[in-house]
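Colleague: Any chance you can model this:
(one chain, ligands or ions: 1)
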Amino acid sequence: MSLTSTATLTDILEPCYGPTVAQQIARYEEALTDFHALYGSGPVQLFRAPGRVNVIGEHTDYNHGFVLPAALDKDVVILARPRSDRTLRVANVEDAYAPLEFELADEIAPAPRGHWSNYLRGPAQMLARQADLPGCDLLVAGAPPHGVPRSVGLSSSSAVVVATAVTLAHQVGLPHATAAFAQSCADAEWYVGTRGGIMDHFAALLTRRDHALFLDCRASPDGSYLTRHIPFPPSHRLLVVDSGVHHDNIRGEFNMRVAACRAGVALLQAAYPHITHLRDVQDVPWLSLAPYLPEVTTARQLTQTGIELGDIPGLEPDAPLHVLRNCRHVWHENARVLQTLDALAAGDTSAVGALLTAAHLSARDDYAISTTELDFLVNSAISLPGVAGARLTGAGWGGCMLIMVDAGAVEAVQAQLGAAYAARFDHPPAMFICQAAPGAAYLGTLNQ
Ligand code: GLA
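Modeller: Residues are numbered from 1 along each chain as shown. Got it, this is the predicted structure:
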């Protein structure tokens, strides 16, 4: 949407935030003040990209399987002003230092591992390879409560990647609400070293208000992806609960799971030579696949049999790869996503809930990505009246879980779960209801 010079902040934000717009104004005003202090007065473009919560389909995306995320109303905002050169100046309201500068080029050098600017450098490099971009002055504003909490499985990093990509694409008129763009954003995030999949970027770019997004992560031969916008039953809410245990560096563990899945594919090729991803054996009964998969192996042992796992940053040659159980999770999780779609279509909320809880057990036992705190939250939640099911959400190793709860029971569940958790772990968990928000967008330009 493009707005005239008379547009106020409320005019610009209203179409996106609707009735909650008033809660957003102060956050944008503060960011505008910071932007003007850093870069001087003049027009400012506003962009946003949401975080996401994954309803079901965990660690299936990089196996070309199925996922069902929803975008959150918590988002990363970027304020931008194009420049006449090829310099990108980037600042972050959460980092009080002067802006960092780098040149837009086909190869942009990374900052040290873990630095926030890498989530801008990756998409900048990706788009600089595709288009003749102008430089820009940028300010990232993604701090909670309206921003996406970091390192808790709600995809704050992909929200920064997508917000940056949408900002830069806008400068040259590249459309962003497309599968091809989402795929490029996922590729751009590999810049930081984690071998994640495409779910977060599709969720951030292509979701609709009040809907989850079913995505088949296997592209069709023409490059298109199957997506469906899935309304959630009005009788129930998705309550997101942050365990407060955050693992900042899960890259090593994450990449070991990627390696185990790739190992599974390589070993299954003995019987199914044409497969490239676990998805390709989704129609084969699991019990026919299991005999090909070892309980545990290592990259070194695989190399000795002629199997190479490809580029997986940080993978130790002797790290144990739990091929059988990791692949078992992926195969069954894909089946659960499809069963969830059927149960949602049939309005069978107790079946949906049971699938969520089953997904948690599989993530805990077969993918080994849960924690004591998340298990406690899930076990406590499913014993409460009105709860249909519960599971960890996101990559795992801490962070958030999600509860499907009857709308009338939300407050009681929040109170009882909060008290039980605080009694056991000495701090109350943060909780919020998922309001499925629209995808990333250019909101408008403020002339000041
Ligand atoms: C992270 C990755 C996603 C996905 C999830 C697990 O969020 O970025 O691509 O693999 O973990 O489902």
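Colleague: From the ligand, how far out is the closest residue to residue 225 other than its chain neighbours?
Modeller: Distances taken as CB to CB, 6 or more residues apart in numbering put residue 179 closest to residue 225, at 4.5 Å, once the chain neighbours are dropped. The C-beta positions use only the backbone N, C-alpha and C, and glycine is treated the same way. Using CB to the nearest ligand atom, to the nearest Å, we find residue 179 at a distance of 15 Å from the ligand.
Colleague: try residue 264
Modeller: Separation of residue 264 from the ligand (CB to the nearest ligand atom) stands at 16 Å.
Colleague: OK, contacts around the residue lying closest to that residue once chain neighbours are set aside?
Modeller: Distance criterion CB to CB, 6+ apart; nearest residue to residue 264, sequence neighbours excluded, is residue 327 at 3.9 Å. By CB atoms under 8 Å, 6 or more residues apart in numbering, the contact set of residue 327 is 260, 261, 264, 278, 289, 293.
Colleague: May I ask which two of those are separated the most?
Modeller: For these, the maximum inter-member distance is 14.0 Å, found between 260 and 289 (CB to CB).
Colleague: of the two, who's got more company?
Modeller: Of the pair residue 260 and residue 289, residue 260 is the one with more neighbours under other CB atoms under 10 Å, namely 25 against 21.
Colleague: give the contact list for that one.
Modeller: 321, 322, 323, 326, 327.
Colleague: Check the burial of the residue of the stretch 301-448 of the chain found nearest the ligand by counting its neighbours.
Modeller: As assessed by CB to the nearest ligand atom, the ligand sits closest to residue 395 within the stretch 301-448 of the chain, at 3.5 Å. Neighbourhood size, residue 395 [other CB under 10 Å]: 25.
Colleague: counting contacts, what elements does the helix or strand encompassing residue 413 pack onto?
Modeller: For residue 413, the host element (DSSP states H and E) is helix 410-425. With contacts taken as 3 or more CB pairs under 8 Å, 6 or more residues apart in numbering; DSSP states H and E, helix 410-425 sits against strand 236-242, helix 372-382, strand 400-406, strand 430-433.
Colleague: quick one, that helix and helix 372-382 angle?
Modeller: 140 degrees (axes from the mean of the first three to the mean of the last three CA atoms, to 10 degrees).
Colleague: neighbouring contacts of helix 410-425?
Modeller: 237, 239, 241, 244, 373, 376-377, 380-381, 384-387, 403, 405, 427-429, 431, 433.
Colleague: And the residues you listed, which of them are buried?
Modeller: For these, a burial check counting by 16 or more other CB atoms under 10 Å picks out 237, 239, 241, 244, 373, 376-377, 380-381, 384, 386-387, 403, 405, 429, 431.
Colleague: Nearest to residue 64, out of those residues: which one, please.
Modeller: Relative to residue 64, the closest of the buried ones among the contacts of helix 410-425 is residue 403; by CB to CB it sits at 28.8 Å.
Colleague: Quickly list what the closest one is bridged to.
Modeller: Counting by DSSP bridges, residue 403 is bridged to residue 239, residue 390.
Colleague: Which pLDDT value does the model give it?
Modeller: In this model, residue 403 is scored at 98, pLDDT.
Colleague: Contact residues of the stretch 1-150 of the chain facing the ligand?
Modeller: 54, 58, 59, 61, 62 (CB under 6 Å from any ligand atom).
Colleague: Among the residues you listed, which one sits closest to residue 105?
Modeller: Distances from residue 105 to these, taken as CB to CB, are shortest for residue 62 (28.2 Å).
Colleague: Setting aside sequence neighbours, what's the nearest residue to that closest one?
Modeller: Using CB to CB, 6+ apart, the closest residue to residue 62 is residue 197 (3.7 Å).
Colleague: Repeat that for residue 143.
Modeller: Closest residue in space to residue 143, ignoring its immediate chain neighbours: residue 94 at 5.3 Å, by CB to CB, 6+ apart.
Colleague: try residue 373
Modeller: The shortest distance from residue 373 to any non-neighbouring residue, by CB to CB, 6+ apart, is to residue 243 (4.0 Å).
Colleague: Count the neighbours of that neighbour for me.
Modeller: Residue 243: 25 surrounding residues under other CB under 10 Å.
Colleague: Surely it is in contact with residue 374?
Modeller: Yes. Counting by CB atoms under 8 Å, residue 243 does reach residue 374; the two are 5.5 Å apart.
Colleague: Between these two, which contacts overlap?
Modeller: By CB under 8 Å, 6+ apart, residue 243 and residue 374 have these common neighbours: 398, 399, 401.
Colleague: any weak-confidence spans in this structure?
Modeller: Filtered on pLDDT under 70, the chain yields the residue ranges 1-6, 248-249.
Colleague: Indicate the residue of it located nearest to the ligand.
Modeller: residue 196 (3.0 Å).
Colleague: That residue should be in a helix, yeah?
Modeller: No. Residue 196: not assigned to a helix; according to DSSP: H, G, I helix; E, B strand; the rest coil it is coil.
Colleague: how about residue 434, phi and psi?
Modeller: Per-residue torsions, residue 434: phi -70, psi 120 (degrees, to the nearest 10).
Colleague: Could you tell me how far the spatially closest residue to it that is not a sequence neighbour is located from residue 197?
Modeller: With CB to CB, 6+ apart as the criterion, residue 434 has its nearest non-adjacent residue at 4.0 Å, and that residue is residue 238. According to CB to CB, to the nearest Å, residue 238 stands 21 Å off from residue 197.
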